[in-house]
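**Student:** next input, structure requested:
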Amino acid sequence: MIAAPFPVLTFHALDDQSLVTSFSPGVFQHGIARLHENGYRALSLLEAVDCLRRGEPLPNRSFTITFDDGYHSVYCEALPVLQQYGMSATVFLTVGETRRVTATSRLPSLSGRSMLSWGEIREMQRWGIVFGAHTLTHPDLTCLPIDRIEAEVYASKAMIEDILSTPAVCFAYPYGRYDDRSRSIVQQYFACACSDKLGLVTTGSDLYALERVDAYYLRTDRLFAVMRTKLFPWYIQARAFFRGLRRTV
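**Tutor:** Numbering: from 1, shown residues only. All right, here's what the predicted structure looks like:
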């Protein structure tokens, strides 16, 4: 039987800005160090999904690290920490619509932040970081006509595979939002997809709408430390309940 529940952590940028998509580099480094010291192992998202598909048990004290969008801070802040502790991560790239790229070409800016260059992405790939698709232009797919959904989903996958010469099999919905149309298209091209559902992955999870734990809920050393306790599932469940209440107001 699959060991569950399983946390898939979601980060965006590692910086000290006062934005919900920011996460302190210091808290990240300290949190990952403490997990490593306590015997935790970071699996790639595909490794975890493959275990779910085969009905095989996930390793004890395992989790997955994901980064959305492709901010430069993933390279300069996260990669050294992951290298130090021998951990992998899955990075979902918003690649843009320009196909003529060089090693110094950067992904189109989001939120005014500097993004990864393709040279940095290739270097991270050599260190075992896995890259998935996050569309071309980061639109809310639920607001697009079906032909535009298809273009955003497929073309982003094709660009990553062409540049990195490796399959891109994981997808993250922009803003975590999806509907039946977008889910169906994503299922044609990818092995799994991440949503904005706040929760832990279980045997009953939809592989094309996987739950994740937004790093916002782990934003201090004390909150990050909860992940190493038996209270963690209850903490996430409570957070999900109150987030759901706020969205219905």
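**Student:** what's stretch 32-41 in contact with?
**Tutor:** 42, 59, 61-63, 81-82, 85-87, 224-225, 227-228 (C-beta atoms under 8 Å, 6 or more residues apart in numbering). Backbone N, C-alpha and C define where each C-beta goes, glycine included.
**Student:** what about the strands in this structure?
**Tutor:** Listed in chain order, the strands of the chain (DSSP state E) span 8-11, 13-14, 22-23, 41-43, 62-69, 90-93, 130-133, 170-172, 192-198, 210-214.
**Student:** between the contacts of stretch 32-41, which is nearest Arg122?
**Tutor:** The shortest gap between Arg122 and any of the contacts of stretch 32-41 belongs to Leu82, at 16.0 Å (C-beta to C-beta).
**Student:** for the residue nearest to the closest one when sequence neighbours are not counted, give its distance to Arg247.
**Tutor:** Setting aside the residues directly before and after it, Leu82 is nearest to Ala89 in space (C-beta to C-beta, 6 or more residues apart in numbering), at 5.9 Å. Counting by C-beta to C-beta, to the nearest Å, the gap from Ala89 to Arg247 is 28 Å.
**Student:** do the same with Pro59
**Tutor:** Using C-beta to C-beta, Pro59 is found at 34 Å from Arg247.
**Student:** quick one, which of the two is more surrounded?
**Tutor:** Between Pro59 and Arg247, counted using other C-beta atoms under 10 Å, the more crowded position is Pro59 (14 against 7).
**Student:** you'd agree that one is up against Leu43?
**Tutor:** Yes: counting by C-beta atoms under 8 Å, Pro59 touches Leu43, with 7.4 Å between them.
**Student:** who's the residue positioned nearest the centre of the chain bridged to?
**Tutor:** Centroid-nearest residue in the chain: Thr66, 2.9 Å away (criterion: C-alpha atoms, centre = their mean). Beta-bridge pairing for Thr66 (DSSP bridges): Thr10, Thr90.
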